[in-house]
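>>> For reference, the sequence and a predicted model appear below.
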Amino acid sequence: MSASVAEPTLRAGVERAPELDITSGDPLNRLEKKLGLKPGSPPRPGRMVAALLAVAVLPLLVLAGVTGTVPQLVVDPYFLRLLVALPLLELISPTIARNVLRALAEFETTGLIAQEDLGRFRDAVARAKRMRDSRVALAVIIALSFGAEVFAESARSPFLGAWARNGERLTLAGSWYLYISLALFHLVRLRWLWRVLVWWRFLFGMSRLPLRLMPAHPDQAGGLGFLSNVTVSFAALVFGFGIGVGFEFRARILAGAVKLSQLTIPMIAISLFFILCIVTPLLFFVPQLTRAMWNGRLAYDGLASRYIRRFDERWLARAAPDGELLGSSDIQSLADLGNSCNLVRSMRPFPMNPRGLLPLAAAAALAMLPAIQAEVPIKDIVKMVMGALR
């Protein structure tokens with residue numbers, strides 16, 4: 001149940017762990033690199049952010065300037081969500097990619113995967129890569145972004161401001177927004193959704209391997225605690241997805257179509273959905289962790305019983321001189337065994353620390369701030385938050 005430290009160290013030195021960058025490698029990403037939009041390794045997102053803003057945001061300012069409606073545009077929730085969400089969803093790529101790569105290394109270098117299962121481990125990585133690079137998936141994403149998603153969104157045009165509508169007709173700025181800017185916005189979001197599904201696919205493959213879990217591991221997750229750190233790094237993605245919804249709800253509130261009180265349940269439900277999208281794949285490991293937890297408790301309880309019996313026979317069944325007791329390593333060993341047993345008893349059947357949910361929940365709640373602020377002044381929101389933290 002406990003893995004050797006020397007073995008994985010030697011193994012890691014012989015052969016490098018396979019890599020899986022869920023944010024790059026697909027056909028569209030390769031095109032972006034050829035165009036020089038994502039230079040470097042790992043890719044730097046600065047140029048891609050500038051390109052997205054140049055296509056999705058700058059033309060809106062120019063076209064609104066022609067009609068003199070820039071003041072209405074720059075405060076419009078639909079414009080603001082482009083301005084906030086598009087750069088954010090690109091800028092978070094290096095951080096998430098780096099944490100996923102670290103997770104792959106942890107699986108192999110910590111000895112969680114036995115030598116004879118390394119081939120299956122690499123197969124799981126290869127399957128996730130093939131899913132990431134799927135041309136069919138990319139075609140569907142593009143079709144949804146520039147097709148069905150755009151036409152579905154056009155039904156929301158009544159909530160757009162005066163910069164986008166001239167009576168019943170769309171202005172040039174409104175048309176650009178619906179059929180270009182919004183399509184790019186959906187493209188970025190749907191690509192991220194596919195990347196999350198690739199992460200799901202990889203974790204499912206890992207959960208099918210006979211992992212060498214360690215019930216006495218200090219992370220209280222059998223050695224899988226590093227997955228909690230990776231999951232927390234997705235908090236920025238939760239915010240990036242949620243902020244789009246927050247601004248959408250804000251637009252509806254400002255248009256008088258709905259009240260904030262009517263959106264309370266939808267906001268909570270959507271926030272929970274985004275969090276579950278990130279946390280759910282960790283459930284794949286629950287069966288193995290549960291077995292390791294109960295087997296570990298039985299094994300360590302048995303070890304403790306055998307050790308304590310011999311300890312009692314040596315030190316309590318006979319009147320040992322105090323000189324022998326003082327400085328004996330048996331006392332320290334007994335304390336160490338007790339600490340190990342306590343660690344085993346504190347092991348969780350879920351690989352994520354409950355405190356790790358707080359950043360995800362905070363990101364989801366913060367994303368709904370634009371909708372809340374449409375009716376509640378920001379100073380009142382700050383007072384409520386500070387009161388809740390006391």
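Cool, the structure landed.

>>> For L289, which residues are in contact?
L213, A221, G222, L224, M347, R348, P349, F350, P351 (Cβ atoms under 8 Å, 6 or more residues apart in numbering). C-beta: built from backbone N, CA, C; applies to glycine.

>>> nearest to L83, of the residues you listed?
P351 (36.5 Å; Cβ to Cβ).

>>> And that closest one, how close does it get to Q288?
10 Å (Cβ to Cβ, to the nearest Å).

>>> Same check on A364?
On the measure of Cβ to Cβ, A364 and Q288 end up 29 Å apart.

>>> Counting neighbours around each, name which of the two comes out higher.
It is A364, of A364 and Q288, that has more neighbours when counted by other Cβ atoms under 10 Å, with 26 against 20.

>>> Name the residues of the helix or strand harbouring that one that come out as buried.
Taking DSSP states H and E as the criterion, A364 maps to helix 357-367. By 16 or more other Cβ atoms under 10 Å, the buried positions in helix 357-367 come out as L357, P359, L360, A363, A364, A365, A367.

>>> quick one: the second one and F234 touch, right?
Translated: P359. No - under the criterion of Cβ atoms under 8 Å, P359 makes no contact with F234, lying 9.2 Å away.

>>> Among the contacts of L289, which one lies nearest to V140?
P351 (31.3 Å).

>>> neighbouring contacts of stretch 351-370?
77, 80, 219-222, 224-225, 227-229, 231-232, 234-236, 238-239, 241-243, 245-247, 249-250, 267, 271-272, 274-275, 278-279, 282, 285, 289, 381.

>>> I'd like the distance between the residue lying closest to L187 once chain neighbours are set aside and L80.
Nearest residue to L187, sequence neighbours excluded (Cβ to Cβ, 6 or more residues apart in numbering): S145, at 4.0 Å. Going from S145 to L80 by Cβ to Cβ gives 20 Å.

>>> repeat for L260
According to Cβ to Cβ, L260 stands 18 Å off from L80.

>>> In the helix or strand harbouring S305, which residues are buried?
Using DSSP H and E, S305 sits in helix 286-315. Residues of helix 286-315 classed as buried by neighbour count (16+ other Cβ under 10 Å): Q288, L289, A292, M293, G296, A299, Y300, A304, F311, W315.

>>> quick one: which of the residues you listed is nearest to S333?
F311 (8.5 Å).

>>> So what's the residue count around V279?
17.

>>> ignore the last one, L178
20.

>>> thought it was touching L170?
Yes - using Cβ under 8 Å, L178 is in contact with L170, at 6.9 Å.

>>> What values do phi and psi take at L170?
L170 adopts backbone torsions of phi -80, psi 140, taken as degrees, to the nearest 10.

>>> Relative to L224, how far out is it?
Here L170 is placed at a distance of 51 Å from L224 (Cβ to Cβ).

>>> who has more neighbours, those two?
L224 (29 against 18).

>>> tell me the contacts of the more buried one?
L112, L211, L213, F285, L289, P351.

>>> hmm, 10 Å instead?
Going by Cβ atoms under 10 Å, 6 or more residues apart in numbering, L224 touches 103, 106-107, 110, 112, 206-207, 211, 213-214, 217, 282, 285, 288-289, 292, 348, 350-352.

>>> My reading is that it is in a strand; is that accurate?
No - assignment of L224 by DSSP: H, G, I helix; E, B strand; the rest coil gives coil, placing it outside any strand.

>>> Count the residues that sit near the residue lying closest to H217 once chain neighbours are set aside.
Nearest residue to H217 in three dimensions, chain neighbours excluded: G223, at 4.6 Å (Cβ to Cβ, 6+ apart). G223 is flanked by 25 other residues according to other Cβ under 10 Å.

>>> wait, G223 sits on A292?
Yes - in this structure, G223 is within contact of A292 by Cβ atoms under 10 Å, at 9.3 Å.

>>> shared neighbours, these two?
L211, R212, L213, M214, P215, H217.

>>> any idea which helix or strand carries the second one?
To tie it back to what came earlier, the one meant is R212. Using DSSP H and E, R212 maps to neither a helix nor a strand.

>>> And it, what's its pLDDT?
pLDDT for R212: 93.

>>> Kindly report the same for the fifth one.
P215 carries a pLDDT score of 88 in this model.

>>> Where does pLDDT dip in this structure?
1-18, 148-158, 314-332, 334, 385, 388-390 (pLDDT under 70).
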